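Turn this into a model:
(chains A and B, ligands or ions: 2)
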Amino acid sequence: MEERNEYLVEMVNIHKWFAGVCALKGVNFAVRYGEIVGLVGDNGAGKSTLIKILSGFYPPDTGKIIFEGKERHFASPREARELGIETIYQEAAMVPKMSIMRNIFMGRELSRTKIASLGYLDIARMEVESMKALESVGLRLRSPHALVDELSGGQRQGVAIARAMYFKSKLVILDEPTNNLSVKESEKVLEFIRELKKQGISSVFISHNLYHVYPVADRIVVLSHGEKIGDYLKEETSVEEITKLMVLP
Amino acid sequence: MERSSWAFNWRRVLLLRETSSLIMLFVVIIVFFSIAPLFLSKENVGVVLEIIPELGIVALGVTMLMITGEFDLSVGSVFAFCPIMMALFMDWGMNSVLAVLCALVIGAGLGALNGFITLTFGIPSFITTLGAMLIWRGGVLLLTGGWPPPFPVGMFTGALVGKIGILRVSLFWFGIITLILWFILERTDFGNWMFASGGNQIAARAMGIDVRRVKLANFMLCSLLAGFSGVIQSFRLETTLPSMGNGLEMEAIAATVIGGTALSGGVGTLIGTVVGSFLIRMIDNGLIMARAPSYWFRVFIGIATILAVILNTFVRERAKKLRC
Ligand SMILES: Nc1ncnc2c1ncn2[C@@H]1O[C@H](COP(=O)(O)OP(=O)(O)O)[C@@H](O)[C@H]1O
Ligand SMILES: [Mg+2]
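Ligands and ions are numbered 1, 2, ... in the order given. Predicted structure coming up:
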């Protein structure tokens, strides 16, 4: 009973099948308050499937999700988001041809009044608030009206994280945020994730590359062929130990 | 400081999507004026301004829909279908205002049908509306047997096409519709959802935007405006010809694209479309004034469309490099 309260979210005995493929075979996965969990494993291990269940994209075939002490059934990503679970996918997070400000407030626009059920945008306030949001992750950009298209991959991740922080997410899930980024850019993304932790926000950082996750994670969970094969606090393990685990058949 | 802020402003002007179409518009005006000075006479300006709204209103709807990432090729057919339904309703004894409203509801309904089929079966709207274009053009011919129904007497034509000096009321309708749509697109949350739905629908959906609803609303709007514009033209000409709006879908798409809206969705401006509509109608009229054979019109519109997109791409690429 005592144990329970330290977890923001617990996924218990999750199974998921896709047309004959068993993507997840009874996975238990939990995230504590304010914790950074690194979720690693080879391509096809089931990492994305696991967090898509957590963020409401699919229901699990069996198993349950307990969020803030209550069992939850998410019918859509929207429901998960309303509870404070924000998922950031590299390709799906932003609309490149829209401004930073419009991206940050996409779907949650600030408006002054309603005119015939249309919200009249409060652009001045969104400008100020989006700059504030960006500063909260230490991202300094010239103008909130710059197009996301003109940002580097790392900066885009920063904007997505700033957005999650601004809307008071409790759990931020990043699916392969460092894919296709340079070393320097990846470093920046790690900085943004540390910033989340400072604000007490939990995060799940997914990567197939252990070396990207290791520097920031408090705990590392290893998936392989749909099963959890390792779950270590960082101080109780080493890169060598986990690498060995990951390369074993 | 001073200098860099100047450079910045220039860059911003060049980055505007409307810029290349405006440049082309000025060039066209100057060229036709020097060939045929009567091009800018009061009478001729009046002639141009009375035909612009009919293309412009259709093109505004096409632009809104294209920004959400969808097409409507059936606007030309709906443009003919709605006024003919209006005339038939009145032939059956319906009151004139009610007949127009019913015709417009049918216009919106045809758009809803386009949207419903496209979104439910997940097929390209290019295909759905190509089909719709043929179906409703055929429908018009079936309903009329190729002969126009008599234009109803005592229509309230003044409200849509009444003359004020050299202008017609339809120009004000065009202006008001432009303002309202501009406001919706640029200043409301719904406008933001439109750009998001056209720009990256996966992201839009992930952020809780109801992409389907946004697109459906724009299919309806586009078709409604096509019907409304058709009614305007039938009021102006006081006839309902089955051939009305033939080829109008191509002109509306050309006006949209010339104005800087991307075929791929997610990017576009209504002001650009207004400029594009002016450009097309001015080329049309200027060629007549210059006594060029009328088939040159299509040639020039084709050239203008391609040139505008090239200019747009080229100017913006250059402007990006102007960064200080
Ligand atoms: N929508 C789907 N339909 C069918 N199979 C899927 C689907 N999503 C994932 N899979 C399968 O599930 C397994 C796990 O995939 P995924 O969770 O994407 O792995 P990871 O993110 O660790 O690379 C893979 O074998 C993949 O082919
Ligand atoms: Mg994956």
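
Could you list every helix and strand that the lengthiest helix in chain A packs against?
Counting by DSSP state H, the longest helix found in chain A is helix A:183-198. Judged by 3 or more CB pairs under 8 Å, 6 or more residues apart in numbering or on different chains; DSSP states H and E, helix A:183-198 is in contact with strand A:36-40, helix A:153-166, strand A:171-175, strand A:202-207. C-beta coordinates here come from the backbone N, C-alpha and C atoms, glycine included.

In terms of mean pLDDT, which of these ranks lowest?
Lowest mean pLDDT within the helices and strands packed on helix A:183-198: helix A:153-166, a mean of 92.

Now mean neighbour count and distance to chain B too, for the helices and strands packed on helix A:183-198, in JSON lines please.
Below are the helices and strands packed on helix A:183-198 laid out as JSON lines (neighbours: other CB atoms under 10 Å in any protein chain shown; distance: least, CB to the nearest CB, whole Å):
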{"stretch": "strand A:36-40", "mean neighbour count": "25", "distance to chain B": "19"}
{"stretch": "helix A:153-166", "mean neighbour count": "24", "distance to chain B": "9"}
{"stretch": "strand A:171-175", "mean neighbour count": "25", "distance to chain B": "11"}
{"stretch": "strand A:202-207", "mean neighbour count": "25", "distance to chain B": "16"}
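
between those, which one is nearest to residue B:277?
Nearest to residue B:277 among the helices and strands packed on helix A:183-198 is helix A:153-166 (36.2 Å), distances taken as CB to CB.

any idea of the angle the closest one forms with helix A:183-198?
With axes from the mean of the first three to the mean of the last three CA atoms, to 10 degrees defining the directions, helix A:153-166 sits at 10 degrees from helix A:183-198.

got the angle between helix A:153-166 and strand A:171-175?
Relative orientation of helix A:153-166 versus strand A:171-175 (the same axes, to 10 degrees): 160 degrees.

okay, the angle between the longest helix of chain A and strand A:202-207?
Per the same axes, to 10 degrees, the angle that helix A:183-198 makes with strand A:202-207 is 160 degrees.

before we move on, back to that, would you mind saying which of the helices and strands packed on helix A:183-198 lies nearest residue A:238?
Closest to residue A:238 of these is strand A:36-40 (CB to CB; 13.7 Å).

for residue B:150, helix, strand, or coil?
Three-state call for residue B:150 (DSSP: H, G, I helix; E, B strand; the rest coil): coil.

tell me which element the residue in chain B positioned nearest to ligand 1 is part of?
Residue of chain B nearest ligand 1, by CB to the nearest ligand atom: residue B:202 (13.8 Å). In this structure, residue B:202 is located in helix B:201-206 according to DSSP states H and E.

helices or strands up against the helix or strand that comes right after that helix?
Using DSSP H and E, the helix or strand that directly follows helix B:201-206 along the chain is helix B:211-237. Judged by 3+ CB pairs under 8 Å, 6+ apart, helix B:211-237 is in contact with helix B:42-67, helix B:75-91, helix B:96-121, helix B:158-161, helix B:169-187, helix B:189-199, helix B:201-206.

Could you dump the ones you listed into TSV and include mean neighbour count and mean pLDDT?
What follows is the helices and strands packed on helix B:211-237, written out as TSV (neighbours: other CB atoms under 10 Å in any protein chain shown; pLDDT from 0 to 100):
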stretch	mean neighbour count	mean pLDDT
helix B:42-67	24	97
helix B:75-91	27	95
helix B:96-121	19	97
helix B:158-161	17	92
helix B:169-187	17	98
helix B:189-199	26	97
helix B:201-206	21	90
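
As JSON lines, the ones you listed with distance to chain A would be great.
Below are the helices and strands packed on helix B:211-237 laid out as JSON lines (distance: least, CB to the nearest CB, whole Å):
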{"stretch": "helix B:42-67", "distance to chain A": "10"}
{"stretch": "helix B:75-91", "distance to chain A": "24"}
{"stretch": "helix B:96-121", "distance to chain A": "16"}
{"stretch": "helix B:158-161", "distance to chain A": "23"}
{"stretch": "helix B:169-187", "distance to chain A": "5"}
{"stretch": "helix B:189-199", "distance to chain A": "4"}
{"stretch": "helix B:201-206", "distance to chain A": "4"}
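
want to throw those helices into TSV with distance to residue A:109?
Listed next are the helices and strands packed on helix B:211-237 as TSV, based on distance: least, CB to CB, whole Å:
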stretch	distance to residue A:109
helix B:42-67	17
helix B:75-91	30
helix B:96-121	23
helix B:158-161	35
helix B:169-187	11
helix B:189-199	4
helix B:201-206	13
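
For chain A, just list every one of the helices.
Assigned by DSSP H, chain A shows helices spanning A:47-54, A:77-82, A:100-104, A:123-136, A:153-166, A:183-198, A:210-213, A:239-247.

To residue B:218, which of those lies closest?
With distances scored as CB to CB, the stretch of these nearest to residue B:218 is helix A:100-104 (17.9 Å).

what's that closest one packed up against?
Applying 3+ CB pairs under 8 Å, 6+ apart, one finds that helix A:100-104 makes contact with helix A:123-136, helix A:153-166, helix B:189-199.

Name the residue closest to the centre of the chain, please.
Unless you meant another one, I'm taking chain A. Note on chain A: the residue nearest the mean C-alpha position is residue A:173, at 1.3 Å, using CA atoms, centre = their mean.

you looked at the wrong chain, it should be chain B
Chain B has residue B:59 as the residue nearest its centroid, 0.7 Å off, counting by CA atoms, centre = their mean.

you'd agree that one is up against residue B:255?
Yes: applying CB atoms under 8 Å as the test, residue B:59 and residue B:255 come out as touching, 4.1 Å apart.

where's residue A:181 relative to residue A:174, distance?
To residue A:174, residue A:181 is 12 Å away according to CB to CB, to the nearest Å.

Please identify every residue contacting each of the two.
Counting by CB atoms under 8 Å, 6 or more residues apart in numbering or on different chains, the shared contacts of residue A:181 and residue A:174 are A:157, A:189.

Now for the residue of the stretch 201-324 of chain B found nearest chain A: which residues touch it?
For the stretch 201-324 of chain B and chain A, the shortest gap (CB to the nearest CB) falls at residue B:207, measuring 3.7 Å. For residue B:207, the contact set (CB under 8 Å, 6+ apart) comprises A:81, A:106, A:107, A:108, B:196.

Not counting sequence-adjacent ones, nearest residue to the fourth one?
Same thing as residue A:108. Excluding its sequence neighbours, the residue lying closest to residue A:108 (CB to CB, 6 or more residues apart in numbering or on different chains) is residue A:167, at 6.4 Å.

So the one you found sits against residue A:110, correct?
No: here residue A:167 lies out of contact with residue A:110, judged by CB under 8 Å, at a distance of 11.4 Å.

which neighbours do the two share?
By CB under 8 Å, 6+ apart, no residue touches both residue A:167 and residue A:110.

on that earlier part again, now the longest helix of chain A: how far from the chain's centre is it?
Put simply, helix A:183-198 sits 13 Å off its chain's centre (CA atoms, centre = their mean, to the nearest Å).

now it against helix A:123-136, angle please.
Using the same axes, to 10 degrees: helix A:183-198 against helix A:123-136 is 100 degrees.

what's the nearest residue to residue 211 if we skip its chain neighbours?
All of this is about chain A. Nearest to residue A:211 is residue A:239, by CB to CB, 6+ apart, at 7.5 Å.

wrong one, chain B
Take residue B:211 and drop its neighbours on the chain: the residue closest to it by CB to CB, 6+ apart is residue B:197, 4.5 Å away.

can you check residue B:182 too?
In this structure, residue B:182 finds its nearest non-sequential neighbour in residue B:270, 5.0 Å apart by CB to CB, 6+ apart.

what's the answer for residue B:319, then?
Nearest residue to residue B:319 in three dimensions, chain neighbours excluded: residue B:14, at 3.6 Å (CB to CB, 6+ apart).

Can you name the next helix or strand after the helix or strand containing the one you found?
Assigned by DSSP H and E, residue B:14 belongs to helix B:2-15. Helices and strands here follow DSSP H and E; after helix B:2-15, the next one along the chain is helix B:19-35.

So which bits of that following helix are buried?
Buried residues in helix B:19-35, defined by neighbour count with 16 or more other CB atoms under 10 Å in any protein chain shown: B:19, B:20, B:21, B:22, B:24, B:25, B:28, B:29, B:32.
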